[in-house]
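Novice: Quick one: sequence plus predicted model below, questions after.
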Amino acid sequence: MIVGEKQPFRSFYLMTIANTANNYSVAFGTSSDSVAVPFITTVDPTSYNTAFPVGKRWINQISNNEWALTSYSSQTGTVLAHWQISASPSKLLSTLTGDSGGAISPTAGNINLLGTANQTTTIGSGSTITFSLIGPYTPATYTAHGVLIGEGTSSIVATAAGSDGQVLTGNTGADPSFGSIGVKSGLTAHGVVIAEGASAFAATAAGATGQGLVGSTGADPVWTGSPSFSGSVTAATTLTASLGAITATNGNVILGTAGNKVVIATGSNASVGTSSAMGGTPGAITVSTTACSATAKVFYSRALTGGTPGQVSITAQDGTGFTLTSTANETSTFNWWIINA
């Protein structure tokens, strides 16, 4: 018989094994070494290697695998051998390796698979070890886009999903919830929100009618002024309208202290200034400024008298300026002020 060849079906498992020797024992005769002596080769066994008794060891010198024949079975008229691997550097578990720490080997044939305190736990049952997070984590699913909330010894829950622009707001003694920015902020109604560096936002008190917010070096700005339904405004410092006009719909501009004055910038296209000297017969001078209009009120007076003074009047006026003409041959200069009505 050639070892390794597929053998014809046999109705019995007692087979003749070639190339074996007998073991001798004192006073008991002889015994076969067909089981005790391993079969050494360079390949692994297959189910068709049936020319061996149950218990036979098969050793592959190339892969260093060892097999043992455990039983036979018959399938569609063919005897099949059942070889079980008993030793292998690649197929038998000998170590376990984690994310770090390297490979670990059994101690007294055992490797512990333990959880991390307060984080994970393991439970062994039968041939299975189950890893679990330390919860409670009862729900199988959570609200999509919700925020997980701790509930003490009860199961974790999730909020509803927030809408655009909403923020998570605390509720004393209850779960937080999404709401618009500023909900339950505690800030003063109608106050102005003030940045406080690394601290929480603050808000001023609500300003009274006619008051303005005035800065205070090193401190929060405060409302100041004389509250009045007349619309009067009192400023502790310069009041500047850098983006537009200041309109007193039902009030006046009052310079309440002696010496106060109206200060108007001069220059090209200004509303106030001094003309050049008149010239011609009779004397005349044209002032060019876009501050003028056909309906503007132009006030003028001699700044410096020259020549023969006469009666002076406005003889032309539009959006480009105005012309002063005298009834005499004078060379005077004139101060002028335009007020648009």
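Specialist: Yep, it's here.

Novice: use CA for all of it now, contacts and neighbours both
Specialist: Fine.

Novice: Okay, now the unreliable bits of this structure?
Specialist: Residue ranges of the chain with pLDDT under 70: 1-33, 90-92, 210, 225-237, 241-244.

Novice: hang on, isn't Y72 packed against V79?
Specialist: Yes: between Y72 and V79 there is a contact under CA atoms under 8 Å: 6.7 Å.

Novice: These two: who's more crowded?
Specialist: Between Y72 and V79, V79 has the larger neighbour count (other CA atoms under 10 Å), namely 22 against 15.

Novice: That one contacts T46, doesn't it?
Specialist: No: in this structure V79 lies outside contact range of T46 using CA under 8 Å: 11.9 Å.

Novice: what helix or strand is T249 on?
Specialist: Using DSSP states H and E, T249 falls within no helix or strand.

Novice: Distance of it relative to T209?
Specialist: Distance of T249 to T209, computed by CA to CA, to the nearest Å: 15 Å.

Novice: D44 too?
Specialist: D44 sits at a distance of 99 Å from T209 (criterion: CA to CA).

Novice: Looking at these two, which one has more neighbours?
Specialist: Higher neighbour count among D44 and T209: D44, with 18 against 15, using other CA under 10 Å.

Novice: care to break this protein down by domain?
Specialist: With domains defined by automatic domain parsing, the chain comprises 22-87, 272-339.

Novice: Any idea how far apart the tips of the longest one sit?
Specialist: So that's domain 272-339. End-to-end for domain 272-339, by CA to CA: 9 Å.

Novice: Now do the contacts for I40.
Specialist: Applying CA atoms under 8 Å, 6 or more residues apart in numbering to I40 gives the contacts W58, I59, N60, Q61.

Novice: ok, how many other residues are close to the closest residue to the last one other than its chain neighbours?
Specialist: Of all residues not flanking Q61 in the chain, T42 sits nearest, at 5.3 Å (CA to CA, 6 or more residues apart in numbering). A count of neighbours around T42, defined by other CA under 10 Å, yields 13.

Novice: isn't T42 right up against I62?
Specialist: Yes: the criterion here is CA under 8 Å, and T42 meets it with I62 at 5.5 Å.

Novice: Quick one: the helices in the stretch 201-341 of the chain, in order.
Specialist: In order along the chain, the stretch 201-341 of the chain carries no helices (DSSP state H, counting those that start in this stretch).

Novice: Look up how far Q84 lies from the residue nearest to Q61.
Specialist: 17 Å.

Novice: Check A316 too.
Specialist: 122 Å.

Novice: okay, those two: which has more neighbours?
Specialist: Set A316 next to Q84 and count neighbours by other CA under 10 Å: Q84 wins out with 15 against 12.

Novice: List the beta-bridge partners for that one.
Specialist: A68 (DSSP bridges).

Novice: Now which of the contacts of I40 would you call buried?
Specialist: With burial judged by 16 or more other CA atoms under 10 Å, the buried subset of those is W58, I59, N60.

Novice: among these, which are in strands?
Specialist: Counting by DSSP state E, the part of the buried ones among the contacts of I40 found in strands is W58, I59, N60.

Novice: Can you name the residues in contact with stretch 169-176?
Specialist: Taking CA under 8 Å, 6+ apart as the rule, stretch 169-176 contacts I149, T159, L168, S177, F178, G179, V183, K184.

Novice: distance between that stretch and the chain's centre?
Specialist: In terms of CA atoms, centre = their mean, to the nearest Å, the centre of stretch 169-176 is set 23 Å apart from its chain centre.

Novice: Check stretch 133-140 too.
Specialist: Stretch 133-140 has its C-alpha centroid displaced from the chain centroid by 27 Å (CA atoms, centre = their mean).

Novice: got a list of contacts for that stretch?
Specialist: N118, Q119, T120, T121, T153, S154, S155, I156, V157.

Novice: Export those residues as JSON lines, with columns for neighbour count and secondary structure.
Specialist: JSON lines is the format used below for the contacts of stretch 133-140 (neighbours: other CA atoms under 10 Å; DSSP: H, G, I helix; E, B strand; the rest coil):
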{"residue": "N118", "neighbour count": "9", "secondary structure": "coil"}
{"residue": "Q119", "neighbour count": "10", "secondary structure": "coil"}
{"residue": "T120", "neighbour count": "13", "secondary structure": "strand"}
{"residue": "T121", "neighbour count": "16", "secondary structure": "strand"}
{"residue": "T153", "neighbour count": "8", "secondary structure": "coil"}
{"residue": "S154", "neighbour count": "11", "secondary structure": "strand"}
{"residue": "S155", "neighbour count": "13", "secondary structure": "strand"}
{"residue": "I156", "neighbour count": "16", "secondary structure": "strand"}
{"residue": "V157", "neighbour count": "19", "secondary structure": "strand"}
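
Novice: Those residues: which two are farthest apart?
Specialist: Spatial extent of these (CA to CA) is set by the pair T121 and V157 at 21.2 Å.

Novice: G197 and A206: what is the separation?
Specialist: Per CA to CA, G197 is found 22 Å from A206.

Novice: returning to what we had before: using JSON lines, please lay out the domains of the chain together with distance to L114.
Specialist: Listed next are these as JSON lines, based on distance: least, CA to CA, whole Å:
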{"stretch": "domain 22-87", "distance to L114": "27"}
{"stretch": "domain 272-339", "distance to L114": "89"}
